[in-house]
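A predicted structure for the sequence below; I have some questions about it.
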Amino acid sequence: MDAPRLPSLFTLVELDTVDSTNAEARRRAEQGAEEAPEGTLVWAAEQTAGRGRRGRTWVSPKGNFYASIILRPDVPLRDAAQFGFVASLAVFDAIGSLAQPGTEAHTKWPNDVLISGRKVAGILLEAQGAASADAPPDFVIVGVGVNLRSFPEDVEFPATSMLDEGTTVLVPEFLESFGRHFLAWTRIWVDEGFERLRKNWLWRCDQVGKEVDVRLANETLTGTFKDLDDSGALILETSSGLRTITAGDVFFPQSRDA
């Protein structure tokens with residue numbers, strides 16, 4: 001396949017092996033906007049120290065998709081966190097454009113994408129430089145990992161790959177599709193605000209109205225996934241009332257013992 005064709009926003013940095021695309025993106029972003037302008041996209045064939053949310057290891061053999069985008073948004077940190085929804089919508093739509101007809105994909109709060117109820121993609125946001133949630137960060141890194149050919153077996157939440165679900169996708173092919181959709185959703189977010197993203201994300205999520213477990217740092221809550229608020233936080237209806245969750249891990253009843 002020829003070199004990936006990406007929108008002009010992106011400056012592609014292609015690597016064979018890297019410790020972590022997020023770590024490499026951070027190193028470049030710290031050198032300043034001239035060295036790493038907005039839209040710098042670090043793409044690697046494999047990672048030797050891939051990371052997921054909460055410091056978890058992201059198993060990263062060749063054949064899957066690993067990329068991190070450097071963004072320098074002039075918005076408060078709390079709003080910049082909504083790039084997680086931009087990225088998950090972009091991954092969902094890229095999967096939809098490439099997968100076999102009938103593939104059942106859904107978004108999962110906060111930053112995952114599922115196929116047939118199993119995790120196929122994860123997104124990791126990192127930011128630097130904001131003194132508070134009201135201040136703009138120096139930069140935001142949006143890291144994306146998608147299981148195209150293989151997936152880890154020994155994980156808390158069941159995983160899958162696009163190949164295991166019946167679709168063969170080349171990594172450059174996925175990069176092209178993801179890049180187009182990421183730019184499209186970013187433009188919608190900039191032009192129309194988060195509400196349009198919120199509605200589209202909820203439409204792609206099949207957990208709304210269902211019972212879920214939400215694991216927090218010091219407790220696990222069980223309740224009904226009611227909604228997202230206007231910032232993207234999860235609204236959980238528990239036996240003691242509504243809780244607004246800004247960070248946590250969602251599990252479904254069938255995966256409680258996973």
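All right, it came through fine.

Any regions of the stretch 51-200 of the chain where pLDDT drops low?
Residue ranges of the stretch 51-200 of the chain with pLDDT under 70: 51-59.

buried ones in the lengthiest helix in the chain?
Assignment by DSSP state H gives helix 171-192 as the longest helix of the chain. Under the neighbour-count criterion of 16 or more other Cβ atoms under 10 Å, helix 171-192 has 171-183, 185-186, 188-189 buried. (Glycine included, C-beta is placed from N, CA and C.)

hey, what's the residue nearest to residue 113 when sequence neighbours are not counted bridged with?
Once flanking residues are discounted, residue 113 sits nearest to residue 121: 4.1 Å by Cβ to Cβ, 6 or more residues apart in numbering. Here residue 121 shows beta-bridge partners residue 113, residue 146, assigned using DSSP bridges.

my read: residue 121 touches residue 112, true?
Yes - with contact defined as Cβ atoms under 8 Å, residue 121 reaches residue 112; the gap is 6.5 Å.

out of the two, which sits in the more crowded spot?
residue 121 (29 against 21; other Cβ atoms under 10 Å).

Tell me how far the more buried one lies from residue 143.
Distance from residue 121 to residue 143, counting by Cβ to Cβ, to the nearest Å: 11 Å.

Residue 3 too?
22 Å.

the more surrounded of these two?
residue 143 (28 against 9).

Tell me how far that one lies from residue 43.
Distance from residue 143 to residue 43, by Cβ to Cβ: 11 Å.

what do those two both touch?
21, 67 (Cβ atoms under 8 Å, 6 or more residues apart in numbering).

Run a quick neighbour tally on residue 21.
Counted with other Cβ under 10 Å, residues neighbouring residue 21 total 28.

pLDDT on stretch 240-258, on average?
For stretch 240-258, the mean pLDDT works out to 77.

residue boundaries of the strands in the stretch 1-150 of the chain?
With DSSP state E, counting those that start in this stretch as the criterion, the stretch 1-150 of the chain has strands at 11-18, 40-47, 65-71, 105-108, 112-115, 118-128, 139-146.
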